[in-house]
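1. Whatever this is, show me its structure:
(2 chains)
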Amino acid sequence: MEKINNNGLKFFKTKNGTKLPLPVFFPDATRAVLKTLDSADIEDTKTPGILVNTYHLYNELGSRVIKKFGGICKFMSWNGAVISDSGGFQIMTLVKANKRFGAITDEAVVFRPTAKKKIIFTPEESIRFQMELNTDMVVVLDEFTDPKSDEKKACQSVERTILWAKRSKKYFEEICGKKGLDEKNRPYLLGIVQGGEFLNLRVECTQRLVEIGFDGLGYGGWPITSQGKFNYEVAQTIAKNTPEKYFLYGLGVGKPDEIVGCNDLGYSVFDCVLPTRDARHRRLYVYNADSIDDINIRQAKFYSYFTPDKERYYSDSEPVSRACDCLLCARYSRAYLAHLFRIQDVSALRLATIHNLRFYSLLMEKLFYCHSRESGNPSLIG
RNA sequence: GGUCGCGUGGUGUAGCCCGGUUAACACGUCUCCCUGUCACGGAGAAGACCACGGGUUCAAAUCCCGUCGCGACCG
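-> Below is the predicted model of the structure:
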């Protein structure tokens, strides 16, 4: 895989001045909670940040509570970083899947979460609410290119995404001006590249977003081809047309090997539901290694899936993984976890989620180490 | 000793009274799927000589007789 860029940025800086080494993986706390965990649990997995969803919090929580707490961090007592997603993905999954959930025009998205409730959501409103959430990275509202789109429809989603990106940038600057936020203490602003599988559209979208000006660009849309393979071609096309000083963000990416592949292309910010959802669906990630030091992410198959509640583990006194230092692996046996899953106790979900998050935070540590070493900068190692 | 009831995949059951296509269901087991979370979810597979022996019948898990095992009650 050709390496595009990885040296333009060294850190993800948070509001409170913390510099997070790149890459970072932020699991999805859609409704301001990582299902089955609390904020202390998340910290213990060495997860540096989370992603919350603007649409869900706008719909279910609202401004009044957020304003009272001064942002989502204080509300959930979370000391790490936070990215707020714009709600663009929810347009795709809710409105496009079923028209009864609403409609999309150039002006706004009209959500109808219930028969009686109607939400008019504009790019400006998304930015405004995200600024109230007081997150570290604000994401512009975009229109998701449906994977089944032909080139004409894909082009339309790019046009609307660009239109909304312009409005979002303008409104973002207005709010920053009003709040007295300068380049150093304002959140990052992320644009999103659409265009489906059409590389020419991806190039055009990337270039026009760069003209508008952002701190980073996200690989938007559905990154998986109809054959079920990760679309590295699109990832690479976006990376090649993005300035080095920009963040490259793989939205919803992904499987561990896909994150390694994207990181090699220059992507350094990731979020995904997989580690948390998979944990709840009895799929744990384990490194094919006997200790943390032995983990080799350059190995072809560097990890495997582990399904806990199998008969062969009912009396297994081994930990789930020896290449892990999470609460589950440090303290409990496979047999105990199998038991917890079998009796359907919620602690099984919690321990499995903790484990998978530690797997991902270890992956980030290993990637940081790899790139520090490969770039020959010893000051970054350690 | 007597009376009654029950023996069906790994487990628990349905079907039996009124015989008839590949014996059904739940759980368990195994495999696969989940990618800016309406999701502790979804798809599929394997697995039973219907306790055993005999009889009636074109045809028996199903009706009849016997054997064994388990349970309850009565002596």
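2. and the stretch 201-350 of chain A, which of its residues are near RNA strand B?
-> A:218, A:220-224, A:228, A:230, A:251-255, A:258, A:271-274, A:276-278, A:280-283, A:307, A:309-312, A:342, A:344, A:346, A:349 (C-beta under 7 Å from any atom of the strand). For glycine as for every other residue, the C-beta is placed from the backbone atoms N, C-alpha and C.
3. What subset of those residues is buried?
-> Among those, the ones that count as buried by 16 or more other C-beta atoms under 10 Å are A:218, A:220-224, A:230, A:251-255, A:258, A:271-272, A:274, A:276, A:278, A:280, A:282-283, A:309, A:349.
4. Next step: those restricted to helices.
-> A:Glu258, A:Leu274, A:Thr276, A:Asp278, A:Arg280, A:Leu349 (DSSP state H).
5. For those residues, could you give me JSON lines that also reports pLDDT?
-> Below are these laid out as JSON lines (pLDDT from 0 to 100):
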{"residue": "A:Glu258", "pLDDT": "97"}
{"residue": "A:Leu274", "pLDDT": "97"}
{"residue": "A:Thr276", "pLDDT": "97"}
{"residue": "A:Asp278", "pLDDT": "97"}
{"residue": "A:Arg280", "pLDDT": "96"}
{"residue": "A:Leu349", "pLDDT": "95"}
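6. quick one: which two of these are the most distant?
-> Maximum pairwise distance among these (C-beta to C-beta): 24.2 Å, between A:Glu258 and A:Leu349.
7. got the buried residues for stretch A:185-193?
-> A:Arg186, A:Pro187, A:Tyr188, A:Leu189, A:Leu190, A:Gly191, A:Ile192, A:Val193.
8. is any part of it close to RNA strand B?
-> Yes. Stretch A:185-193 is in contact with RNA strand B by C-beta under 7 Å from any atom of the strand, via A:Ile192.
9. what does that stretch contact?
-> Applying C-beta atoms under 8 Å, 6 or more residues apart in numbering, the contact partners of stretch A:185-193 are A:12, A:15, A:83, A:86, A:88, A:130-131, A:134-140, A:142, A:161, A:165, A:168-169, A:172, A:176, A:181, A:202, A:205-206, A:209, A:212, A:214-221, A:238, A:247, A:249, A:251.
10. Which among those residues count as buried?
-> By 16+ other C-beta under 10 Å, the contacts of stretch A:185-193 give A:12, A:83, A:86, A:88, A:130-131, A:134-140, A:142, A:161, A:165, A:168-169, A:172, A:176, A:202, A:205-206, A:209, A:212, A:214-221, A:238, A:247, A:249, A:251 as buried.
11. what ranges do the helices span in the stretch 51-200 of chain A?
-> For the stretch 51-200 of chain A, the helices defined by DSSP state H, counting those that start in this stretch cover A:54-60, A:63-69, A:72-75, A:88-90, A:123-133, A:151-179, A:199-212.
12. These: lowest mean pLDDT?
-> Ranked by mean pLDDT, those end with helix A:88-90 in last place, scoring a mean of 83.
13. Show me the residue sitting in the middle of chain A in space.
-> The residue lying closest to the centre of chain A (C-alpha atoms, centre = their mean) is A:Asp271, at 1.7 Å.
14. That one reaches A:Asn53, doesn't it?
-> No. If you go by C-beta atoms under 8 Å, A:Asp271 and A:Asn53 don't touch, sitting 10.4 Å apart.
15. Need the overlap of contacts for the two.
-> In contact with both A:Asp271 and A:Asn53: A:Asp28, A:Asp85, using C-beta under 8 Å, 6+ apart.
16. Not including adjacent chain positions, what is the nearest residue to A:Leu265?
-> A:Ala239 (4.7 Å; C-beta to C-beta, 6 or more residues apart in numbering).
17. correct me, but the one you found touches A:Ser268?
-> No. Checked against C-beta under 8 Å, the pair A:Ala239 and A:Ser268 is beyond contact range at 10.7 Å.
18. Looking at the two, which has the bigger crowd around it?
-> A:Ser268 (29 against 24; other C-beta atoms under 10 Å).
19. any idea how far that one lies from A:Phe359?
-> Relative to A:Phe359, A:Ser268 is positioned 19 Å away (C-beta to C-beta, to the nearest Å).
20. With A:Asp293 instead?
-> Taking C-beta to C-beta, one finds A:Asp293 at 16 Å from A:Phe359.
21. Could you do A:Lys184 as well?
-> As judged by C-beta to C-beta, A:Lys184 and A:Phe359 stand 34 Å apart.
22. who's in contact with the closest residue to A:Thr242 other than its chain neighbours?
-> Beyond its immediate neighbours in the sequence, the residue positioned closest to A:Thr242 (C-beta to C-beta, 6+ apart) is A:Leu217, lying 5.3 Å away. By C-beta under 8 Å, 6+ apart, the contact set of A:Leu217 is A:190-193, A:206, A:209-210, A:238, A:242, A:246-249.
23. Kindly report the same for A:Phe69.
-> Residues near A:Phe69 by C-beta under 8 Å, 6+ apart: A:Phe75.
24. same deal with A:Gln130?
-> Contacts of A:Gln130 (C-beta under 8 Å, 6+ apart): A:Thr54, A:Ser84, A:Ser86, A:Val138, A:Val139, A:Pro187.
25. Just to be sure, which of those are found in strands?
-> Assigned to strands by DSSP state E, the following of the contacts of A:Gln130 qualify: A:Ser84, A:Val138, A:Val139.
26. Could you check how far A:Asn356 is from RNA strand B?
-> To RNA strand B, A:Asn356 is 10 Å away according to C-beta to the nearest atom of the strand, to the nearest Å.
27. Closest one to RNA strand B out of the buried residues of stretch A:185-193, please.
-> Of all those, A:Ile192 has the smallest distance to RNA strand B: 4.6 Å, by C-beta to the nearest atom of the strand.
28. Could you pull out the strands in the stretch 251-382 of chain A for me?
-> Taking DSSP state E, counting those that start in this stretch to define them, one finds strands in the stretch 251-382 of chain A at A:269-272, A:284-287, A:303-306.
29. With that, I have no additional questions.
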